[in-house]
Each structure stands twice: as structure tokens, then as C-alpha cells.
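K.L.:
Coordinates only, no sequence provided:
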């Protein structure tokens, strides 16, 4: 029973080597069990009977875990071939159906038909039915193979759990060692034969005809593995400082590139060395299996070393991702090598036991040694991670220990910050698990202890890789969409997107990427017992294929498609609106208010079309949308009446345009400029620069005065009382001269001065003039009053000496009351 390959698979998964994960798992199982070899070449033409025959050869019940793995691989091959068969026949079946559709249906009995057409229809129907039957049988074979694989996996998990909970003799008892001594002769013979194969292969490779070349290749592989990784890391650092984008993304991208490059270089060196040894030597089957496994395991070694060097960044403190002091990074620098070495030894012993089919006693001893070794390694790491006071101060303040000695006494007397609570809880939990492992080994549950120990180290490696990937995804999202990044600033200029919108989009993108990564990490950590890497990837693919929630089936591909439709659709809509505002509408004769209303209305229509397209891409058809609308009708009828009324009123305002952006309106006692017409309400800017938000229904159901709907000109009205003895014609000339002298008065219509009548013994002169906008009427009226009073004074035309309060005059809403002038009583 092997535990470390699962750990290796999880590490590779966290390193984003998902593409090579299934192939690695498949090659591992194929190398481990030659009993059921599915790599034999197949016939070019696969038939349904042949696939059924291969499926029938797979037993329904298997006792060995290795055989189950091989048979599961065989079922997967059958499923792939069956699906390929169905795909290759679907096109011809569609062509036959189209040809039959062109011939039409058979006429009723007693009706004459051309014999050639009847003969062609009969032949096509026969061919179509045969092809359709083959497709149905192939699909049935695929379903049966998937069911057979599911049953075999269930058996494998049952065997795994049974062996995992199997209790053996305690290593503290004499029976444990006596069983090992009794099994030693047989194990020794197997080990000697295995060692003989290894020595024979190595001696023939190193001392044969191409021995010198093999030695040179081995030396070159070692140089590539050690010197090559150092040179690649140094080159990546130089490249990052010159080419990589500035900001946080540069650090995380360098760390991720370091891991990938280390895995690639180490894996290349291992494959190069093993291929040279394999070609030049005479290796036995067991030695070949071990060599293939070691070459693949080198990927895990490179991953652990590269991940440690990327996160610790001992030679590049400013590039370090985790908030770690330099002293702590120096103390932890050898742990990646230690983890790789201990992992290699534990995995190698387990692999040798599996390959040479060692006895149960040897397997139990190997598991006990592996559990205790991994426990000791984890305990040492936990103890080293506990920061002493000096390092705590360095980590928190960012100052070296020597610098702290020169601080002021007040600063030196400050207490060091306490360690976070979660760190203490995590350390205590790990310590409890380590104690539990030792207890399980002592009482005889060696397999369970070895499994828990490997799971613990596995979790640590996956957590480190998750930290790196989370940082990278967050930095990537911020670099792509943040308003402070170069790309974000370009988006602001090209799409006219608000900075806050870009920042929100960056946070959302980072969250989506992190949740997606966390989903796969949880699958890896919480996989059922006995799940192998290939099943892990298959299950993740099945979960990612569809998720049914009630009557709706959510497919990740459809979700991504719908998200893409939303993003692309709204970007295209924004570009279209910007083109309308900046290019097309200014070239038309439409006024600015009409342009704004038209752009807003088209934006609403386009938004509805984009959302409908996204729902269609998600698989929600029009009938389901109608069902949702009918379900919401009750709520709309009772609680959403005002919202729906305002929404419809907003559409009416945009369509009929009784009020448009830029108009000066009077609604009740409020008057101001219309600044924006939204879906629910309209924004009106009042004279004091405040904004009045009015529901759209107010403009439809109430009386509204639009000062600028048909005519944008404003009127100035001034009423002046003068004595009965006043020379009316001369006064008229003075008032008209004041109007003509003002630049704000329009020449057409020309200003006019009328004698409105006699009130309370006084002549009432009424002056009417027009300005370009009602918004200018107040200021122009004030200027005219100053000019008129000065002109009347210079012309020796006094106003009334005493005037009683005039009778109230009717006023028009939205205009200021008429202006009257009076002098105090004469002395």
C-alpha cells in the first residue's frame, strides 16, 4: 500500500501541473502492474463488439489494489474509444437523416411512387437504422464501462479503508520484531534479486560500449540539476527586474517562474540521465519500474525545492512574498532540501517494497519508519517556526537586531507584539496530531499513522503552494484591472470607466480566481480515502462538468460563457455609447438634451439585450424567464408598484421627451435644471446648487412647467409706478434706452415699454425684454433696474413720492414677482 504517490500528486496539483497529473498517474499505475496492460496497439477500426469484449474481460470483483488501478485505466480507455466511435458516426447519421428528409416520408398504401425513390429510401433507412443502433450500443458500452469503473473505485476505497484500519503488532512488542525476523529470509531473497537487476543494469550501462558517454551524461545531468537551477534562478531575477511589470505582480511572477523553472530543469535532468542509463544498460523489469518511478519522482523533488527557494528568497529579501524576517528565512533555508530528502527516502522504501512484493511485516516496518520520520521532520519544522523575541522584533519592525540596540529607551521598552491566536491554535493542533501519530504507531495502527503523517506533510506542501498561487492571482487581477495599474489607466481612457469600477472589478476577478483555486485544493485535501490522482482529476472534471441546483443545471463552461457575454457585451455597449456621444450624435442636428435621452434609452435597450444573451448562454431560455416573471408578478403587484410605475414613467420620459436633460422645469414649488433622467428618478439641480431627486411618475401624473421646452428664451418683466404728472413719452424713451444699452437683451423680439394703467393715482409702466435663457433673467433684471433708476434720475423724472402698497398682481409660476419701486413719504 503506497501513500506517498498521493502526496506527490497533490504537490504537483498545487504547482499547476494539472496537465501532466493524469498522465503521471496513469503511467504510475501501468508501471506498477503489468498484469493488465492496456497500452497494446488497437485496430484502426474500433467496433462495438470489440469494445464490449474488452469490457467483459474486466472482472467485477478484484482483491488487489494494484489490479483495480489497472482495470480502472482499462475502463477509461474503453470509455474514450466509445465516445470517439460515437463522435465519428454522428456526422454520417446526420447526413443520412438529411437525405431521408429530402426524399420525404413514404406515401400511404395504395399510392404510386417512383420505384427508384422507394428503393433509395429503403436503403437509406436500413443504413440509418444500422448506424443509429451502433451509436446506441456504443453509448451503452460507455455507460457500462463508467459504471464498472465506479464499482472498482468503490472496491478500492473499501480495500484501502480496511487496510488502513488494520491493526498489527506494536513495534514495542516482541511479536512485531519476531514477525520481521521470520519474514526476513524471503524478503532478503527478493531484495537480492532486485539488487542484482539494479547492479546488472548499472554495470552494463557504465562499463559497456557507451560507458564514457553515460558517465558524461550523468555528470551533465547533475550539473544541470544543481548549477542549471541556480543559473536559471539568477537569469529569472535579472529578467524580472528588467522585463516583468512593475508592482506586486513582479514578485509573485518571479516566485512562480522560479518554481516552474526548477521543476522543469530538475525533471529534464532526471529524464536525461535515466534515458541514457536505460538505453545503454540491460535492466530487468523491476529495475525498469523503479527507474521510471524515480525519474517521475524527481518532479516532486524539484517542486519542493523550487517552492522553498521561491518563498524564502534568502538572497533576495526585498522580493520575498511572505512577511518573514531574514533570520527566520536563513534558519528555514535547508528545510526544502530536508523535506525532499526525507520524502525521497520514505517513498523509495515504499516503492521498493511494492515492486519486489515484500512481506506484510516489511511493509508494516516501512510504514512505521515513514510515520516516525515524517513526524520528527514536522516537529522540527514547528519548533523552528516558533520565532524567538529577537526575530519577532525584526519581523514586525523591519529593523535588524543591531539597529534595535540604538533605539531610544522608550522604544526599547515597548513590549513585543503578541503572536496571533490562530498561529497558536494551528501549532497546538499540529502538535496534537504528531502525538496522535506516535500513539497510533505504539498501539499497532501503523498504516493509519503513516497515512496521517503523509497527509500532514501533504497539507503543508499544498498550503505553501496555495499561498504562492493566491498571491499570484491577486497580483494578476490587480495588475490587469486596478485603476492604479497601466492597463487600468488605459481602460479608463479608452472605455471611460470609473476608477472605482475598475477597482471593484479587480477585487471580483481576484475573488473568482481564488475561489476556483480553493475549490481544487479542497478536492485534493478532502478526497475520499483511497482516491488516486487520476480519480481525483476525473472527479474534479465531473464536478466541473455540471452542478444541478433544483431544476437548473449549472455548467462551468456555460457560466464562463455567460460571464464572457456579459463582459464583452457591456464593453461593446459602452464603446457604442461613447461613439454615439463623441462621433455620431454631434454630427446630427439633434439638441444636447435629445442626444442624452437617446443615448440613455439605447443604453437601457442594449443592457437588456446583453443580459438576455447572457441568460441564454447560461441555458435559461425565454420560457424560464417568463416563469420567473410570473412568479414575481405577485410581489410586483403588492410591493413593487411604485418602482414599476417610476420605471415605466422613465421610459415614457425618454421616449416622448416632455422633459429632457438641460430643461428648466418648475414642479410645484421647486424649479431647476434637469441634469439626469435615470430609470427610477430624475435629478434636478436647484438654484442653490443642491440636487432634488424626483420620482419619474411625478412628471407624468402632475402638472409640470417646462420653461425651455418650445422656446429657450427668457423674459424680463419690470413694473415701475410713477406720478400722474410724469412725461410718459420721455419716461418710455429712458426705459427703452436702458434696455437697448444692455448686452444681454435680445434685439428680437425687441424690448417694449407699455403703460399698463393707473393704479391708486399712479402711472404703471411695464417693461418687457427677452434674454437668451431664463437662467439669465434674474441678473439682467437687476442690471436694468440699476440703469433705469440712474436714467430716470438724470432725466429728472422722479418716481412716486409716496405709494400705497399696490394691489396684488397675478404672477406666472416660475417667474419672480413684478418689481415696483416707491420712495418714502415726503417730509
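P.N.:
Cool, got the structure. These figures come from a predicted structure and were not determined experimentally.
K.L.:
Could you tell me how many residues sit around residue 323?
P.N.:
Other residues near residue 323 number 9, with proximity taken as other C-beta atoms under 10 Å. The way it works is simple: take the backbone N, C-alpha and C, and place the C-beta from them, glycine included.
K.L.:
Can I take it that it is in a strand?
P.N.:
No. Per DSSP: H, G, I helix; E, B strand; the rest coil, residue 323 lies outside any strand segment and is coil.
K.L.:
What distance do you get for it to residue 310?
P.N.:
Distance, residue 323 to residue 310, using C-beta to C-beta, to the nearest Å: 15 Å.
K.L.:
Hmm, residue 167 is touching residue 445, no?
P.N.:
Yes. Counting by C-beta atoms under 8 Å, residue 167 does reach residue 445; the two are 5.6 Å apart.
K.L.:
Those two: which has the busier surroundings?
P.N.:
Taking other C-beta under 10 Å, residue 167 and residue 445 do not tie; residue 445 has more neighbours (23 against 12).
K.L.:
neighbours around residue 758, how many?
P.N.:
Using other C-beta under 10 Å, residue 758 is surrounded by 11 other residues.
K.L.:
isn't it right up against residue 726?
P.N.:
No. The pair residue 758 / residue 726 is not scored as a contact, 11.4 Å apart, by C-beta under 8 Å.
K.L.:
Report the buried residues of the helix or strand containing residue 88.
P.N.:
Using DSSP states H and E, residue 88 falls within helix 65-103. Within helix 65-103, the residues that count as buried by 16 or more other C-beta atoms under 10 Å are 65-79, 81-82, 85-86, 93, 96, 100.
K.L.:
Check stretch 719-739 too.
P.N.:
Buried residues in stretch 719-739, counting neighbours by 16+ other C-beta under 10 Å, are found at 719-722, 726, 731-732, 734-736, 738-739.
K.L.:
Quick check: end-to-end length of it?
P.N.:
14 Å (C-alpha to C-alpha, to the nearest Å).
K.L.:
Could you give the average pLDDT over that stretch?
P.N.:
Here stretch 719-739 scores 87 as its mean pLDDT.
K.L.:
Next: stretch 771-789.
P.N.:
For stretch 771-789, mean pLDDT is 85.
K.L.:
Could you check it and say which residues are buried?
P.N.:
Using 16+ other C-beta under 10 Å as the test for burial, stretch 771-789 gives 771, 774-775, 777, 780-781, 783-785, 787-788.
K.L.:
Can you pick out the most distant pair from those?
P.N.:
Pairwise distances among the buried residues of stretch 771-789 were taken by C-beta to C-beta; the largest, 21.9 Å, belongs to 775 and 788.
K.L.:
Just give me the residue closest to the centre of the chain.
P.N.:
residue 512 (2.9 Å; C-alpha atoms, centre = their mean).
K.L.:
got the contact list for residue 233?
P.N.:
Neighbouring residues of residue 233 by C-beta atoms under 8 Å, 6 or more residues apart in numbering: 258, 261-262, 309.
K.L.:
Most neighbours of all the residues you listed, which one?
P.N.:
Among the contacts of residue 233, residue 262 has the most neighbours (other C-beta under 10 Å), with 28 neighbours.
K.L.:
wait, that residue sits on residue 232?
P.N.:
Yes. At 7.4 Å, residue 262 counts as touching residue 232 under the criterion of C-beta under 8 Å.
K.L.:
how about the helices of the stretch 301-450 of the chain, start to end?
P.N.:
Listed in chain order, the helices of the stretch 301-450 of the chain (DSSP state H, counting those that start in this stretch) span 326-331, 335-355, 360-385, 389-397, 401-405, 409-412, 421-443, 446-481.
K.L.:
What segments of this structure are strands?
P.N.:
Counting by DSSP state E, the chain has strands at residues 547-549, 552-554, 664-667, 670-677, 681-686, 691-695, 705-706, 714-723, 752-759, 762-771.
K.L.:
closest one to residue 502 among those strands?
P.N.:
strand 670-677 (22.2 Å).
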